[in-house]
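S.K.: structure, please.
(one chain, ligands or ions: 1)
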Amino acid sequence: MKYISTRGAAPPVSFTQMLLAGLAPDGGLYLPQAYPQLSQDAIADFAGRSYEEVAQAILTPFVAGEIEAGALRGMIEAAYAKFRHKAVAPLTQLDSNLFVLELFHGPTLAFKDLAMQLLAKLIDHVLKARGERATIIGATSGDTGAAAIEAFRGLAQVGVFILYPHGRVSDVQRRQMTTVDAENIHPIAMEGTFDDAQACVKNMFNHSALRDELNLCGVNSINLARILFQMVYYFTSAAVLGGPYRKISFVVPTGNFGDILAGWMAKRLGLPVDRLVIATNSNDILTRAVASGHYVVETVHPTQSPSMDIQVSSNFERLLFETHGRDAGVLCRLMAGLRQSQGFTIEPGPLQAIRAEFDAFCVAEPETTREIARSWRETGFLADPHTAVGLSATRQAKARASTSPLVVLGTAHPAKFPAAIAHATGMLPDLPGPLAGLFERKERFSILPNDQSEIERFIHARAARASNRAAS
Ligand SMILES: *Cc1c(COP(=O)(O)O)cnc(C)c1O
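M.R.: Here you go, the predicted model:
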């Protein structure tokens, strides 16, 4: 399988090149050159199989010829061994046709673990085979950073630099990043928003001297490998609910459009999906874009679901590329518009194609709070604020008369957001095992201004020190 860039000016690359690069050198995002097709029988056969077996079946065509089957199997087993639920991603039923897919049983209690744990195993494997070092840089609105730090900590050949918006992540999220005692981990509190942090990381990738010298490797959801790994739970959950012989709708709390894009890709592989529902908090650029065709960046509002406090939804570029007939020229024009005037308009044809598959709903803060209280009271399910955005959007989506089962992606454990839970229900969630002792551990992080060159100098100096140590 080869991988191509949405901007059309970078050559197609192999899986391992795509894995290590993250962003394409022309500034675009990688996509598979073609989508392998799974037969209905193959999908039906997933029912009753383990998460690991389904992952192996789905990922094999994407890594064929580069990662040997036995090695892939070993990495998949190791990646999910630390999950606190044997099913990895179990379904919970809330109502006759309503389910929550629990994606929060990994070590950092958010769905990012499902892809990040496997990503770290693969990157480590490839770097060892090549005898290389790499520098992981990522921007986080909270959960990606924690998941990356947990997955990569202690790996000798990678340095990890995570930028998060100073003062805009929850205490639990921050402590999960800043209390890990490993020399290769460098959390950076940046004085800006998540979008500033993401822009800074993108600029570093476009700075080719720095990129080559430090062997920069991106682990944000701009890294396609993560999205490929996230397809797995769409298949496992659909198989349990009677797919492929019954269509399933998925409601996805969305920020950077990565998780829901994985659902769209699962559909391209042959999974019968009815509706894909985009659920946003009051940072509603995607909801506005689907409703009006105008993708226009506004300022970021901090909310109780900080992992979705995003205005520039990077992975939307991938859907735009697909719905514009994979025309890289058009994509370059749209992205130039975004850079110059903070927005662009989607043409009627592609907009129609998007609306044919996606619905989009925005959930305001009071609704999220009400939803946490209501689902706790009515079903005994304690939803974190991100999952609650999904549940609330489901109430709006149901009005669009669909009889297919609705699966809401449960993206985080409520214990990560105790303040929001206490505000909604008057009680504090129990701290599960991985969080025990979190508030006693010592924090370690650097505060840096929202200044590209200062951040680059900092990362350069620390990364150079680590590689000198390794060489001596
Ligand atoms: C990252 C995250 C999201 C949003 O996922 P995207 O792939 O950015 O759309 C939603 N909920 C939680 C808890 C997250 O950590």
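
S.K.: state the distance from residue 167 to residue 447.
M.R.: 10 Å (C-beta to C-beta, to the nearest Å). From N, CA and C alone the C-beta is placed, and that goes for glycine too.

S.K.: which neighbours do these two have in common?
M.R.: With contacts taken as C-beta atoms under 8 Å, 6 or more residues apart in numbering, residue 167 and residue 447 have residue 189 as neighbours in common.

S.K.: where does the stretch 201-350 of the chain come near the ligand, residue by residue?
M.R.: Taking C-beta under 6 Å from any ligand atom as the criterion, the stretch 201-350 of the chain approaches the ligand at residues 221, 253, 254, 255, 256, 257, 258, 259, 307, 308.

S.K.: can we see that at 5 Å?
M.R.: Neighbours of the ligand within the stretch 201-350 of the chain, by C-beta under 5 Å from any ligand atom: 253, 254, 255, 256, 258, 259, 307.

S.K.: tell me the phi and psi of the closest residue to the fifth one other than its chain neighbours?
M.R.: Spatially, and ignoring its direct neighbours in sequence, residue 258 is nearest to residue 221 (3.0 Å; C-beta to C-beta, 6 or more residues apart in numbering). Torsion angles at residue 221 (phi, psi; degrees, to the nearest 10) stand at phi -70, psi 0.

S.K.: just residue 343 next, same as before
M.R.: Torsion angles, degrees, to the nearest 10, at residue 343: phi 180, psi 170.

S.K.: for it, give its distance to residue 412.
M.R.: To residue 412, residue 343 is 30 Å away according to C-beta to C-beta.

S.K.: for these two, indicate the residue with more neighbours.
M.R.: Using other C-beta atoms under 10 Å, the more surrounded residue of residue 343 and residue 412 is residue 412, with 27 against 15.

S.K.: is it true that the more buried one touches residue 141?
M.R.: No: judged on C-beta atoms under 8 Å, residue 412 makes no contact with residue 141 at a distance of 11.7 Å.

S.K.: find residues that contact each of the two.
M.R.: With C-beta under 8 Å, 6+ apart, residue 412 and residue 141 have common neighbours residue 307.

S.K.: what about residue 396, neighbour count?
M.R.: 17.

S.K.: mind checking the SS state of it?
M.R.: Using DSSP: H, G, I helix; E, B strand; the rest coil, the structure places residue 396 in helix.

S.K.: give the contact list for it.
M.R.: residue 361.

S.K.: how about residue 189, nearest residue that isn't a chain neighbour?
M.R.: Of all residues not flanking residue 189 in the chain, residue 166 sits nearest, at 3.9 Å (C-beta to C-beta, 6+ apart).

S.K.: these two touch, right, that neighbour and residue 194?
M.R.: No: counting by C-beta under 8 Å, residue 166 sits too far from residue 194 to count as a contact (11.0 Å).

S.K.: of those two, which one has the most company?
M.R.: residue 194 (30 against 19).

S.K.: how much space between that one and residue 211?
M.R.: In terms of C-beta to C-beta, residue 194 sits 22 Å off from residue 211.

S.K.: so which other helices or strands are in contact with the worst-scoring helix or strand of the chain on mean pLDDT?
M.R.: Lowest on mean pLDDT, DSSP states H and E among the helices and strands of the chain sits helix 452-471, with a mean of 86. Applying 3 or more C-beta pairs under 8 Å, 6 or more residues apart in numbering; DSSP states H and E, we find helix 452-471 packed against strand 134-139, strand 158-165, strand 185-191, helix 194-206, helix 208-214, strand 446-449.

S.K.: run a quick neighbour tally on the nearest residue to residue 13 once chain neighbours are set aside.
M.R.: Spatially, and ignoring its direct neighbours in sequence, residue 13 is nearest to residue 3 (5.3 Å; C-beta to C-beta, 6+ apart). Neighbours of residue 3 under the rule other C-beta under 10 Å: 22.

S.K.: which residues does residue 3 bridge with?
M.R.: For residue 3, the beta-bridge partners under DSSP bridges are residue 13, residue 32.

S.K.: contact partners for it?
M.R.: Residue 3 neighbours (C-beta under 8 Å, 6+ apart): 12, 13, 14, 15, 17, 18, 30, 31, 32, 33, 224.

S.K.: of those residues, closest to the ligand?
M.R.: Closest to the ligand out of the contacts of residue 3 is residue 224 (12.6 Å), distances taken as C-beta to the nearest ligand atom.

S.K.: give me the number of residues near that closest one?
M.R.: The tally of other residues near residue 224 (other C-beta under 10 Å) stands at 25.

S.K.: how many residues are close by the closest residue to it other than its chain neighbours?
M.R.: Sequence neighbours aside, residue 30 is the residue nearest to residue 224 in space, at 4.6 Å (criterion: C-beta to C-beta, 6+ apart). By the measure other C-beta under 10 Å, the count of residues near residue 30 is 27.

S.K.: so residue 30 is in contact with residue 8, correct?
M.R.: No: the pair residue 30 / residue 8 is not scored as a contact, 11.9 Å apart, by C-beta under 8 Å.

S.K.: let's have the helices and strands packed on helix 452-471 in CSV, adding mean pLDDT.
M.R.: Formatted as CSV, the helices and strands packed on helix 452-471 follow (pLDDT from 0 to 100):
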stretch, mean pLDDT
strand 134-139, 93
strand 158-165, 95
strand 185-191, 97
helix 194-206, 90
helix 208-214, 91
strand 446-449, 97
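
S.K.: can I get these in JSON lines including distance to residue 440?
M.R.: Putting these into JSON lines (distance: least, C-beta to C-beta, whole Å) gives the following:
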{"stretch": "strand 134-139", "distance to residue 440": "27"}
{"stretch": "strand 158-165", "distance to residue 440": "21"}
{"stretch": "strand 185-191", "distance to residue 440": "18"}
{"stretch": "helix 194-206", "distance to residue 440": "28"}
{"stretch": "helix 208-214", "distance to residue 440": "34"}
{"stretch": "strand 446-449", "distance to residue 440": "22"}
